[in-house]
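K.L.:
Sequence plus predicted model, see below.
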Amino acid sequence: MRPGLTNWVLLGMVLGVAVGLACHHAVGAPEGREAIAGGFAVVTTLFMRGIKMLIAPLVLSTLLVGVAKMGDGAAIGRIAAKAMLWFILASVASMGVGLAVVQTLKPGAGLDLAAAAGAAGLKAPPMSVANLIIHMAPSSIIDAMANNAVLQIVVFALVAGVALAHLGQAGAELLRIAEAVSALMLRMTRYVMALAPVAVFAALAQSLTVHGIAIVGTYAAYVGGYYVALALLWSLLLGAGAVVLGARSQWRLLKAIREPMLIAFSTTSSEAAFPSLLARLEGQGVPNRIASFVLPLGYSFNLDGAMCYAVFASMFIAQAYGVRLSPAEIVQLLLLLFITGKGIASVPRGSLVVVAATLPLVHLPEAGVALILAVDHFLDMGRTATNTMGNAIAASVVAKWERGAPGPEDVAGISETGQA
């Protein structure tokens, strides 16, 4: 991506806010606002469809090439173990920050919130450990790609990459084809991402046309409290990253990923940020074999912003309804959220689905999810950007732990993707 595209994304954000608020105040009838928002939604939907059509072949081809070039199954297991160690520590820290802030600020205390009609469309069966393991195995790679089931694509690519590495000379042609497909996907990504500023503008204008800025004020303590938690979480993640990477490297990484983070923040979609994030990491010297492996895995297991949100929102609902949870019940809630938060992130309103699935298990009113639905878009912006940053740091840290300088193939990839 061109460096100047970041400025266009920022301009799109400013114009989207201005136009959205103007439309909200100019049109009084809710039906009129919905009609205008529907026009903006067309642009956002087209952009998201363009991104989604690239995700599956991009993840499959880049990860397949990376694993095949690793060759050694022990190296794959070592990288996976290091990535999962970071993911678990980051998830625990994220949940701890969310719990500490919500218990300190108590944004829901004293609120007399009546139960809404229910969280329609947000119900989901609880994700047990058994269901998570079963969900990882694709019944069909075609079905997994059609549904952008990233975790299942990762599993298939791992198996296929190991097999390809052991085909020897017979697999050389398949490897060249996979490399060509990966290059093609990155080139197509450049074309689609050129529309990012317009999509960012439309996404913000759509939301603010319908709700206006007043909806944030209604839940000011809730929204503000969560962003306080995110600020602390950012400090923690960046501090931990600086310890491993070094302060200068951490700062360069943060500057490099500002554009993917802005896209994630504005569109509330990790998928929209994935292609540019992959290119930026490679441009920072993270080997392709590591970036293309850790990032897709992180989208299922390393959702720092979402984990912080799930705890914060659940405890907010408990406070709003005057439900006092004992320390044992809070621990149970955290364990349940840790499990339900894995493998469910690709569901629309994924974090809300996690909360809705978990509340009944700790005897909290599930209808409470509907009470926070109105402002969820504004919180989703922050948690998606945090997810993006957390995965970038994770990939960089794993690369540092591996002490892997880019090989010849990675250097070539960087020179190409660094301009993407």
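P.N.:
Now that the structure is in, tell me what you want to look at.
K.L.:
Give the buried residues for stretch 356-365.
P.N.:
Within stretch 356-365, the residues scored as buried using 16 or more other C-beta atoms under 10 Å are 356, 357, 358, 359, 362, 364, 365. For the C-beta atoms, the positions are set from N, CA and C on the backbone; glycine is no exception.
K.L.:
I'd like the average pLDDT over that stretch.
P.N.:
If you average the pLDDT over stretch 356-365, you get 74.
K.L.:
so can I have JSON lines of the buried residues of stretch 356-365 showing distance to residue 221 and secondary structure?
P.N.:
What follows is those, written out as JSON lines (distance: C-beta to C-beta, whole Å; DSSP: H, G, I helix; E, B strand; the rest coil):
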{"residue": "356", "distance to residue 221": "22", "secondary structure": "helix"}
{"residue": "357", "distance to residue 221": "25", "secondary structure": "helix"}
{"residue": "358", "distance to residue 221": "22", "secondary structure": "helix"}
{"residue": "359", "distance to residue 221": "20", "secondary structure": "helix"}
{"residue": "362", "distance to residue 221": "22", "secondary structure": "helix"}
{"residue": "364", "distance to residue 221": "19", "secondary structure": "coil"}
{"residue": "365", "distance to residue 221": "19", "secondary structure": "coil"}
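K.L.:
Now do the same contact list for the most centrally placed residue in the chain.
P.N.:
In the chain, the centroid-proximal residue (C-alpha atoms, centre = their mean) is residue 270; its distance is 3.9 Å. Residue 270 sits next to 264, 299, 345, 384, 387, 388 when contact means C-beta atoms under 8 Å, 6 or more residues apart in numbering.
K.L.:
List buried residues within those.
P.N.:
264, 299, 345, 384, 387, 388.
K.L.:
So which of those residues sit within helices?
P.N.:
Among the buried ones among the contacts of residue 270, the members falling in helices (DSSP state H) are 264, 299, 384, 387, 388.
K.L.:
So which of the contacts of residue 270 sits lowest on pLDDT?
P.N.:
Among the contacts of residue 270, residue 345 has the lowest pLDDT, at 51.
K.L.:
now the longest helix seen in the chain: how far from the chain's centre is it?
P.N.:
Counting residues, the longest helix found in the chain (DSSP H) is helix 30-70. Offset of helix 30-70 from its chain centre (C-alpha atoms, centre = their mean, to the nearest Å): 13 Å.
K.L.:
Pull out the buried positions in the helix or strand that that helix is followed by.
P.N.:
Sequence-wise, the next helix or strand downstream of helix 30-70 (DSSP states H and E) is helix 73-105. By 16+ other C-beta under 10 Å, the buried positions in helix 73-105 come out as 76, 79-80, 82-83, 86-87, 90-91, 93-99, 101-102, 105.
K.L.:
what angle separates helix 73-105 from helix 30-70?
P.N.:
150 degrees (axes from the mean of the first three to the mean of the last three C-alpha atoms, to 10 degrees).
K.L.:
for helix 73-105, the distance to its chain's centre please.
P.N.:
14 Å.
K.L.:
quick one: average confidence on it?
P.N.:
88.
K.L.:
Then stretch 177-184?
P.N.:
85.
K.L.:
tell me which residues in it are buried?
P.N.:
For stretch 177-184, by 16+ other C-beta under 10 Å, it's 178, 179, 181, 182, 183.
K.L.:
can you pull the contacts of the first one?
P.N.:
Pointing back at residue 178 there. 61, 64, 65, 68, 164.
K.L.:
wait, residue 59 sits on residue 154?
P.N.:
Yes - Residue 59 lies in contact with residue 154 (C-beta atoms under 8 Å); the separation is 7.0 Å.
K.L.:
which neighbours do the two share?
P.N.:
By C-beta under 8 Å, 6+ apart, the residues touching both residue 59 and residue 154 are residue 296.
K.L.:
can you pull the contacts of the nearest residue to residue 233 once chain neighbours are set aside?
P.N.:
Nearest residue to residue 233, sequence neighbours excluded (C-beta to C-beta, 6 or more residues apart in numbering): residue 97, at 4.7 Å. Shown in contact with residue 97 (C-beta under 8 Å, 6+ apart): 229, 232, 233, 236, 308.
K.L.:
ok, back up a step: now do the longest helix of the chain, average pLDDT.
P.N.:
So the average pLDDT for helix 30-70 ends up being 82.
K.L.:
What of stretch 328-339?
P.N.:
84.
K.L.:
CA-only coordinates of that stretch in PDB, if you can.
P.N.:
Only the C-alpha atoms of stretch 328-339 are listed here, as PDB (Å, rounded to 0.1, in the frame of the first residue of the first chain):
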ATOM      1  CA  ALA A 328     -15.900 -18.000  42.500                       C
ATOM      2  CA  GLU A 329     -18.600 -16.900  40.000                       C
ATOM      3  CA  ILE A 330     -16.300 -14.300  38.500                       C
ATOM      4  CA  VAL A 331     -13.600 -16.900  38.000                       C
ATOM      5  CA  GLN A 332     -16.200 -19.200  36.400                       C
ATOM      6  CA  LEU A 333     -17.300 -16.300  34.100                       C
ATOM      7  CA  LEU A 334     -13.700 -15.700  33.100                       C
ATOM      8  CA  LEU A 335     -13.100 -19.300  32.300                       C
ATOM      9  CA  LEU A 336     -16.200 -19.500  30.300                       C
ATOM     10  CA  LEU A 337     -15.400 -16.400  28.300                       C
ATOM     11  CA  PHE A 338     -11.900 -17.700  27.600                       C
ATOM     12  CA  ILE A 339     -13.400 -20.800  26.100                       C
END
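K.L.:
No further queries at this time; thank you.
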